[in-house]
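Peer 1: With the input below, show me the fold.
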Amino acid sequence: MPKVSRAASDDSVPQGMRKGLTSYGDQGFSLFLRKAFIKGAGYTDAALDRPVIGITDTASAYNPCHGNAPQLVEAVKRGVLLAGGLPMPFPTISIHESFTAPTSMFLRNLMSIDTEEMIRAQPMDAVVLIGGCDKTVPAQLMGAASAGIPAIQLVTGSMLTGSHRSERVGACTDCRRYWARFRAGEIDAEETADVNNQLVASVGTCSVMGTASTMACIAEALGMTVPGGASAPAVTADRIRIAEESGTLAAQIAQHRLTIDKILTPAAFENAMRVLLAIGGSTNGIVHLTAIAGRVGLEIDLQALDRMGRETPVLLDLKPSGQHYMEDFHRAGGMMTLLRELKPMLRLEALTVTGRTLGEEIERAGAGFEQNVVRSLRNPIYPQGGIAVLRGNLAPGGAIIKQSAADAKLMEHEGRAVVFENTEDLVARIDSDELDVTPHDILVLKNIGPKGAPGMPEAGYIPIPRKLARAGVKDLVRISDGRMSGTAFGTIVLHVTPESAIGGPLAHVRSGDRIRLSVAAREISLLVSDDELARRAHENPVTQPRADRGYLKLFLETVTQADQGVDFDFMRAPTMTGKAPER
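Peer 2: The predicted structure is shown next:
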């Protein structure tokens, strides 16, 4: 590892087992007692004198995305030992997307607190963060950013693809595609059951550019993983070697005191934003990036993100914006292939966990080779970045659309609103033959924002009404204050801010109102006068959700809006010191 100019020679800073001693009023006794108990597990003084490397163990029977976590932990331990450190795995919360009620986003902040406090509470000189499923990587980066010690992100890796009747399939874009076909009556229950057995062919995260893959790519773009750490599938030897290398590097950055704040700089976040746009990444990525940045005192400039999007094309040909899967991306060279192509647009001076700059890592990766998964800047799969930021009287604080996965014919559209007040109303009416809806209408779903649901669920992917689906309709303009999975597709406006549950304009939209969407003009407007909206707000004031106790009470009283990352207000840095990008 290149020599990094840090306080490596400062012996006054406690290290290893001497860090964070339990308070008994006598530090000598505190260390004596700690060593006595750990020796009960068979450790020697020689082992306990080494740098201590924490390893977050997020294995869970409820989390198949982390099904390889035990194997990764063992490989990280091996790497730590080879580099002269003492590996110390410890458990934290583990969140799986489809096993968490009401939504995984509701618990992301709790996992970040758990991660931060366990890093702070237990002696470790560096930490390897093992995560994969959608909210686990952002939660870990948020927690580590607040804890401030040297840290490396190790993602669990993507699942393999399966095969259904000779068609290659993978979770979870194909999950949604086949379910839509079932709702439309194109396939029967028997075929639906058959494909259900093939969509997830192994443990690991979704094999398309969903939120998990997006956050893996973002983590590498931030400089928080070993080079190549984003793309290796979960069940490959490459993933195990990456885990070992992560352990070795963690021991090295512990010795050099390469703390996370040296990595998570405005330049790093600018690179991550550029990558998010170029991969056609999940819209959730911007919410998570905003939350991570907020932990180190940086604000993500959404208008700058939109400007970057106009000049940054989508280069990665992966579902749902393209055709390939994560294992194809890995075979094509992974992130280094993409970063090599993006090099003229990147902040190459940004430092990575290797102690080298991003530019140096790209140079070390070599010249690349011929492949067809990452396109060139001259031949993109979409001419602009995957995400566009919209504003207007319906979303004064902004809204998001994944334009690379939308229907081009609908991105300039004016239509009649068909309003659902909440998810219960949606479930009750969406499949009714009596629903007054046409292919030209705009579906509006309220009260699925951070406080409204609560937890901002991925219900923004509003299903096509059954009677339209059966008539062959594949897409409609849909608008909500919630999120959608990165694996989803369609002309869908998300993250409308402020949300309806706190009295945002979305709360006062009525069925029959006219709405205008213009992605070219970055506009989302309710064609109702300000006076009429004010009258509706006065006649129907919004009562914000409340809870009497527990985590729900904490969540509802402190969670921020989408433009601040849906983090707890008290978990963000006390003072915002800058923006990303800086210029």
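Peer 1: When you work out contacts or count neighbours from here on, use the C-alpha atoms and nothing else.
Peer 2: OK.
Peer 1: what about Ile149, how many neighbours?
Peer 2: Neighbour count for Ile149, taken as other CA atoms under 10 Å: 21.
Peer 1: show me what contacts Arg241?
Peer 2: Arg241 sits next to Ala75 when contact means CA atoms under 8 Å, 6 or more residues apart in numbering.
Peer 1: can we see that at 10 Å?
Peer 2: Leu72, Ala75, Val76, Gly79, Gly229, Ala232, Gly247 (CA atoms under 10 Å, 6 or more residues apart in numbering).
Peer 1: In helices, which of those fall?
Peer 2: Members of the contacts of Arg241 lying in helices (criterion: DSSP state H): Leu72, Ala75, Val76, Gly79, Gly247.
Peer 1: any idea which of those residues has the most stuff around it?
Peer 2: Gly247 (33 neighbours).
Peer 1: wouldn't it be in contact with Pro89 here?
Peer 2: No: counting by CA atoms under 10 Å, Gly247 does not reach Pro89; the two are 11.4 Å apart.
Peer 1: Tell me the residues that contact both of the two, please.
Peer 2: Counting by CA under 10 Å, 6+ apart, the shared contacts of Gly247 and Pro89 are Ile53, Gly54, Ile55, Val73, Glu74, Val76, Lys77, Val127, Val128.
Peer 1: just checking, what packs against the helix or strand hosting Phe329?
Peer 2: Assigned by DSSP states H and E, Phe329 belongs to helix 326-331. Helix 326-331 sits against helix 334-342, with contacts defined as 3 or more CA pairs under 10 Å, 6 or more residues apart in numbering; DSSP states H and E.
Peer 1: I'd like the average pLDDT over stretch 161-177.
Peer 2: The average pLDDT within stretch 161-177 is 94.
Peer 1: Compute the first-to-last residue distance for it.
Peer 2: Distance across stretch 161-177, first residue to last, is 15 Å (CA to CA, to the nearest Å).
Peer 1: buried ones in that stretch?
Peer 2: Across stretch 161-177, burial judged by 16 or more other CA atoms under 10 Å covers Thr161, Gly162, Val169, Gly170, Ala171, Cys172, Thr173, Asp174, Cys175, Arg176.
Peer 1: repeat for stretch 557-568
Peer 2: Buried residues in stretch 557-568, defined by neighbour count with 16+ other CA under 10 Å: Glu557, Val559, Thr560, Gln561, Ala562, Asp563, Gln564, Gly565, Val566, Asp567, Phe568.
Peer 1: Using JSON lines, lay out those together with secondary structure.
Peer 2: Compiled in JSON lines, the buried residues of stretch 557-568 are given as follows (DSSP: H, G, I helix; E, B strand; the rest coil):
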{"residue": "Glu557", "secondary structure": "helix"}
{"residue": "Val559", "secondary structure": "strand"}
{"residue": "Thr560", "secondary structure": "coil"}
{"residue": "Gln561", "secondary structure": "coil"}
{"residue": "Ala562", "secondary structure": "helix"}
{"residue": "Asp563", "secondary structure": "helix"}
{"residue": "Gln564", "secondary structure": "helix"}
{"residue": "Gly565", "secondary structure": "coil"}
{"residue": "Val566", "secondary structure": "coil"}
{"residue": "Asp567", "secondary structure": "coil"}
{"residue": "Phe568", "secondary structure": "strand"}
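Peer 1: Spit out the contact partners of the closest residue to Met124 other than its chain neighbours.
Peer 2: In space, and not counting its chain neighbours, Met124 is closest to Val52: 4.8 Å by CA to CA, 6 or more residues apart in numbering. Residues in contact with Val52, defined by CA under 10 Å, 6+ apart, are 15-19, 80, 84-88, 122-127, 250-251, 254.
Peer 1: ok, 8 Å please
Peer 2: Contact analysis of Val52 by CA under 8 Å, 6+ apart lists Gln15, Gly16, Met17, Gly85, Leu86, Pro87, Met88, Pro123, Met124, Asp125, Ala126, Ala251.
Peer 1: try Gly504
Peer 2: Contacts of Gly504 (CA under 8 Å, 6+ apart): Ala395, Thr497, Pro498.
Peer 1: try Thr211
Peer 2: Asp134, Gly281, Ser282, Thr283, Asn284, Gly285, Ser485, Gly486, Thr487.
Peer 1: neighbours of the third one, just the number please.
Peer 2: The burial metric for Ser282, expressed as a neighbour count using other CA under 10 Å, is 27.
Peer 1: likewise Leu160?
Peer 2: Neighbours of Leu160 under the rule other CA under 10 Å: 24.
Peer 1: Just name the shakiest helix or strand of the chain by mean pLDDT.
Peer 2: Lowest by mean pLDDT, DSSP states H and E among the helices and strands of the chain is helix 173-183, with a mean of 93.
Peer 1: just checking, what packs against it?
Peer 2: Under the contact definition 3 or more CA pairs under 8 Å, 6 or more residues apart in numbering; DSSP states H and E, helix 173-183 sits against helix 189-196, helix 466-470.
Peer 1: ok, Tyr487 touching Met209?
Peer 2: Quick fix: residue 487 is Thr, not Tyr. Yes: Thr487 sits in contact with Met209 when judged by CA atoms under 8 Å, with a separation of 6.3 Å.
Peer 1: out of those two, which sits in the busier spot?
Peer 2: Applying other CA under 10 Å to Thr487 and Met209 shows that Met209 carries more neighbours, namely 32 against 26.
Peer 1: Now for that one: which residues touch it?
Peer 2: Ile279, Gly280, Gly281, Ser282, Leu318, Lys319, Pro320, Tyr325, Met326, Gly486, Thr487.
Peer 1: Regarding the third one, what is its secondary structure?
Peer 2: What that stands for is Gly281. Per three-state DSSP, Gly281 ends up coil.
Peer 1: That one touches Gly386, doesn't it?
Peer 2: Yes: in this structure Gly281 lies within contact range of Gly386 using CA under 8 Å: 6.6 Å.
Peer 1: Phi and psi next, for Leu86.
Peer 2: Main-chain dihedrals, Leu86, degrees, to the nearest 10: phi -110, psi 110.
Peer 1: State the distance from the nearest residue to it once chain neighbours are set aside to Gln564.
Peer 2: Excluding its sequence neighbours, the residue lying closest to Leu86 (CA to CA, 6+ apart) is Val52, at 4.8 Å. Going from Val52 to Gln564 by CA to CA gives 34 Å.
Peer 1: follow-up on the earlier one: looking at the contacts of Gly504, which are in helices?
Peer 2: Per DSSP H, the subset of these in helices is empty.
Peer 1: among those residues, which are in strands?
Peer 2: Ala395, Thr497 (DSSP state E).
Peer 1: Next, format the contacts of Gly504 as a markdown table and append neighbour count, pLDDT and distance to Met456.
Peer 2: Shown next, in a markdown table, are those (neighbours: other CA atoms under 10 Å; pLDDT from 0 to 100; distance: CA to CA, whole Å):
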| residue | neighbour count | pLDDT | distance to Met456 |
| --- | --- | --- | --- |
| Ala395 | 24 | 98 | 16 |
| Thr497 | 25 | 97 | 12 |
| Pro498 | 25 | 98 | 12 |
